[in-house]
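Asker: generate coordinates for the sequence data below:
(one chain, ligands or ions: 1)
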Amino acid sequence: MGAIKKIVKWVGIVVGSLVGLLVVAVVFLILLGSMRVNKAYEIQLASIPIPTDAVAIERGRHFVETVGLCSECHGDQLQGDIIEEDPVFGTIAPPNLTSGAGVLLGS
Ligand code: HEC
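Answerer: As a prediction, this is how the structure comes out:
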């Protein structure tokens, strides 16, 4: 076997091994990634008591109207609004925050 043939053979073995290792590494990372993505967490849902007394309602109104300025974007009655509708930039539509049927927070 000539010297050139030997060199070509070894270059082939080295390159082939590297490509093989790369394929194994990529497959491993894909499997690891999908395992992490599909991981399910067990959580305890806390039930949050919602006060309905006048003081709590007034505190909520103060928070919504003065502190959080929620109605600036979600509408006067928090009924939802469209504050931006641009073919390039996109649509910004703060959702309905009321507890009416069929809305985001209905349940
Ligand atoms: C600057 C505008 C703006 C203000 C101020 C604002 N929001 Fe929003 N809000 C949005 C937009 C826009 C969305 C929709 C985001 C989306 O669809 O990804 C949203 C979504 C929500 C959602 C739905 C989240 C979900 O799970 O989809 C809730 C709840 C909410 N806002 C509550 C509030 C409350 C409470 C306040 C006041 C403390 C508030 N927002 C103030 C713009 C605003």
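Asker: pull the number of nearby residues for the residue in the chain positioned nearest to the ligand.
Answerer: Closest contact between the chain and the ligand, by CB to the nearest ligand atom, is at Gly68 (2.4 Å). Glycine gets a C-beta too; all of them are placed from N, C-alpha and C. Counted by other CB atoms under 10 Å, the residues lying close to Gly68 total 13.
Asker: go on, the one 10 residues further on?
Answerer: Per other CB under 10 Å, the neighbour tally for Leu78 reads 19.
Asker: isn't it right up against Leu97?
Answerer: Yes - taking CB atoms under 8 Å as the definition, Leu78 is a contact partner of Leu97 at 4.1 Å.
Asker: how's this structure carved up into domains?
Answerer: Listed domain ranges for the chain are 1-43, 46-107 (source: automatic domain parsing).
Asker: low pLDDT regions in the protein?
Answerer: Residue ranges of the chain with pLDDT under 70: 1, 101-107.
Asker: packing partners for the lengthiest helix in the chain?
Answerer: Looking across the chain with DSSP state H, the single longest helix is helix 3-37. Helix 3-37 sits against no helix or strand, with contacts defined as 3 or more CB pairs under 8 Å, 6 or more residues apart in numbering; DSSP states H and E.
Asker: just the residues of this structure that are near the ligand, which are they?
Answerer: 68-70, 72-74, 92, 94-95, 97, 104 (CB under 6 Å from any ligand atom).
Asker: out of those, list just those in strands.
Answerer: Ile92 (DSSP state E).
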